[in-house]
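Sequence and computational prediction follow.
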Amino acid sequence: MNVHLIAIGGSAMHNMAIAMHKKGFHVTGSDDEIFEPSKSRLAKLNLLPEKEGWDVNNIHKNLDAVILGMHARADNPELLKAQELGLKIYSYPEYIYEQTKNKIRVVIGGSHGKTSITAMILHVLDFHKIDCDYLVGAQLEGFDTMVKLTKEAEIAVIEGDEYLSSPIDRRPKFHLYKPNIAVMSGIAWDHINVFPTFENYVEQFKIFIDLIEQGGSLVYCELDKEVKKVCKTAPADIKKLPYGIPEHKIENGITFLQIEKNEKSVTNVPLQIFGEHNLMNVTGARIVCNQLDISDEQFYDAIRYFKGAAKRLELIKKNEVTAVYKDFAHSPSKLKATTQAVKKQFPTRKLIACMELHTFSSLNDAFLNEYKGSMELADEAIVYFNPHTIEHKKLKPITEEQVKQAFGGHNIKTYTDSQLLLNDLLQMNFENKNLLMMSSGNFDGMDLKALGENIIK
């Protein structure tokens, strides 16, 4: 197979390129900018384009498929040439389906928890040496790539993002996978540049459920009102499997699952992760694994060693009196859940919670009020945003006062200068306090690892 990837440098796209190369395909690609770690990873396998930019000579009639990344535009010269030659053009989710259509497809959807649940399922399968293909939105410990495609695996575990598939395919990605086993973790309005109303956003999840293969299963969080409402619309032949928060206890900063063996016996399974949202994710992952013929006992044997996905309540550094975490949280529901998790895990410590407004939705003045109360559990809440990012996204400017009013509460402090924020954090006394850094960006290049090490020192 000869395959060319337009916009090969993207997070998912370069992982797909590597996966197809490992499958034995002849892979080429192009992009107008490629950053680390994509650059080094592609170069290591001789997949890095010789030069940056688009070149119509990359497109020829001998190509079996062209895969179009979201970074490319609809008027991309290579795309236009491929269309002119009548070549088969796929979005990357479309191609993932093409490569997994004869497998049992597990697709994890939801506004939050997708990556964590996907990572948990993959961890358990890997622990028990069960081969599977996969697509996951974060780098996982013990896994070389974020995408794996093989001929042999009978299972495919896919993180089902609701964002658009490509510049010429405006369907949400998770509409293309047609799951045999679907997961619905939660619904909270996001991506307002694509889904301008909450109702429009919720409709995408209804469509996702309608696309479950006949006789398939739907694993869903029954504690989420919107999810519960949407899942009622599932076809009658779909097996519905609800989940919630399992029995557990917290001792000395460690969460234990309490598994009832019989009326007189309870087994405590220690976890390396914490927070009610993660406990719900664990339960959802367990039910999926049950559908894949993995027993509860096998699941618990494996999950106790799960350390979490990158940037999902990831521990940066800790000592006896302080812990520093980073998290991908950026939407209101994620901020609330993550802040609550750290506060509940360490009830005797104060919490400094710091988040960056970075996405199109979060920087939109029409969406800002959705954040009201999302960080009220923090003892000190810091909100950072860069006015240049707002300008770059061609959005209406927002002020620090607007942000304070939107978040509400007495504990909100705002910054628009990342260096000033960093200096102030380094000056704080963190004895008996935890720091939580939350963003889908990187606080304008702030070295969070160095920050954590300096605070602990």
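Done, it's in. It should be emphasised that the depicted structure is a prediction, and the values quoted were computed from it without experimental measurement.

quick one: the helices in this structure?
11-22, 38-44, 77-85, 92-100, 114-127, 198-210, 225-231, 276-291, 296-303, 332-345, 387-392, 400-407, 418-427, 448-456 (DSSP state H).

The ones you listed: which one's closest to residue 145?
Closest of the helices of the chain to residue 145 is helix 11-22, at 4.9 Å (criterion: CB to CB). Every C-beta, even on glycine, is put in place using the N, C-alpha and C of the backbone.

can you list contacts of the closest one?
Residues outside helix 11-22 that contact it (CB atoms under 8 Å, 6 or more residues apart in numbering) are 1, 3, 5, 7-8, 27, 29, 34, 38, 41-42, 45, 47, 67, 69, 71, 92, 95-96, 135, 137, 144-149.

Buried ones among those?
Buried by 16 or more other CB atoms under 10 Å: 3, 5, 7-8, 27, 29, 34, 38, 41-42, 47, 67, 69, 71, 92, 95-96, 135, 137, 145-149, out of the contacts of helix 11-22.

Which of the residues you listed fall within strands?
Mapping those onto strands (DSSP state E) picks out 3, 5, 27, 29, 67, 135, 147, 148.

Next, work out how far apart the last one and residue 273 are.
Spelled out, that is residue 148. Separation of residue 148 from residue 273 (CB to CB, to the nearest Å): 23 Å.

Please apply the same query to the third one.
Distance check for residue 27 against residue 273: by CB to CB, it reads 35 Å.

With the second one instead?
Between residue 5 and residue 273 the distance is 34 Å, computed by CB to CB.

can you check the first one too?
Relative to residue 273, residue 3 is positioned 37 Å away (CB to CB).

Likewise for the fifth one?
Residue 67 is 34 Å from residue 273, where distance means CB to CB.

ok, the closest residue to residue 279 other than its chain neighbours to residue 277 distance?
Using CB to CB, 6 or more residues apart in numbering and skipping the chain neighbours, the partner closest in space to residue 279 is residue 245 (5.3 Å). Separation of residue 245 from residue 277 (CB to CB): 9 Å.

higher neighbour count, these two?
residue 277 (26 against 13; other CB atoms under 10 Å).

give the contact list for that one.
Taking CB under 8 Å, 6+ apart, we find residue 277 in contact with 112, 113, 337, 338, 341.

Between the residues you listed, which sits nearest residue 77?
Each of those was checked against residue 77 using CB to CB; the closest is residue 112, at 37.8 Å.

For the closest one, give me its contacts.
With contacts taken as CB under 8 Å, 6+ apart, residue 112 has the following neighbours: 185, 186, 188, 277, 331, 333, 334, 337.

From residue 84, how far off is it?
Distance, residue 112 to residue 84, using CB to CB: 42 Å.

With residue 328 instead?
Distance of residue 328 to residue 84, computed by CB to CB: 40 Å.

out of those two, which sits in the busier spot?
For residue 328 versus residue 84, the count of surrounding residues by other CB under 10 Å is larger for residue 328: 22 against 10.

low-confidence ranges in the stretch 351-457 of the chain?
The stretch 351-457 of the chain contains no residues with pLDDT under 70.

doesn't residue 433 make contact with residue 348?
No: the criterion here is CB atoms under 8 Å, and residue 348 misses it with residue 433 at 10.6 Å.

Tell me which of those two has more neighbours.
Using other CB under 10 Å as the criterion, residue 348 and residue 433 rank with residue 433 on top: 19 against 6.

in the sheet, who's paired with the more buried one?
Residues in a beta bridge with residue 433, per DSSP bridges, are residue 322, residue 350.

for the one 4 residues further on, same thing?
According to DSSP bridges, the partner residues bridging residue 437 are residue 326, residue 354.

That one touches residue 448, doesn't it?
Yes: counting by CB under 8 Å, residue 448 is a contact partner of residue 437 at 5.6 Å.

Which neighbours do the two have in common?
Listed as contacting both residue 437 and residue 448 by CB under 8 Å, 6+ apart are 316, 324, 326.

residues contacting the last one?
In other words, residue 326. By CB under 8 Å, 6+ apart, the contact set of residue 326 is 311, 314, 316, 436, 437, 438, 439, 448.

follow-up on the earlier one: which single one of the contacts of residue 112 is nearest to residue 54?
Out of those, the member with the shortest distance to residue 54 (by CB to CB) is residue 331, at 33.5 Å.

got a pLDDT number for the closest one?
Listed pLDDT for residue 331 reads 90.

Burial check on it, number of neighbours?
If you count neighbours by other CB under 10 Å, residue 331 ends up with 23.

Give the closest residue to it in space, chain neighbours not counted.
Leaving aside its sequence neighbours, residue 331 is closest to residue 190 (5.2 Å, by CB to CB, 6+ apart).

What distance do you get for residue 15 to residue 102?
Counting by CB to CB, the gap from residue 15 to residue 102 is 22 Å.

of those two, who's got more company?
For residue 15 versus residue 102, neighbours defined as other CB under 10 Å are more numerous around residue 15 (23 against 9).

what residues are up against residue 114?
For residue 114, the contact set (CB under 8 Å, 6+ apart) comprises 108, 137, 159, 160, 161, 185.

give me that answer again for 6 Å
Applying CB atoms under 6 Å, 6 or more residues apart in numbering to residue 114 gives the contacts 108, 159.

Residue 88 contacts residue 65, doesn't it?
Yes: at 5.2 Å, residue 88 counts as touching residue 65 under the criterion of CB atoms under 6 Å.

Just want to know which of the two has more residues nearby.
Set side by side, residue 88 and residue 65 show more neighbours around residue 65, with 19 against 14, by other CB under 10 Å.

Tell me the predicted confidence for that one.
Reported pLDDT at residue 65 in the predicted model: 97.

Identify the residues contacting residue 390.
By CB under 6 Å, 6+ apart, residue 390 lies in contact with 363, 397.

With residue 356 as the reference, measure out to it.
Residue 390 sits 12 Å away from residue 356, going by CB to CB.

For residue 409, see how far away the residue nearest to residue 332 when sequence neighbours are not counted is.
Once flanking residues are discounted, residue 332 sits nearest to residue 374: 4.3 Å by CB to CB, 6+ apart. Going from residue 374 to residue 409 by CB to CB gives 9 Å.
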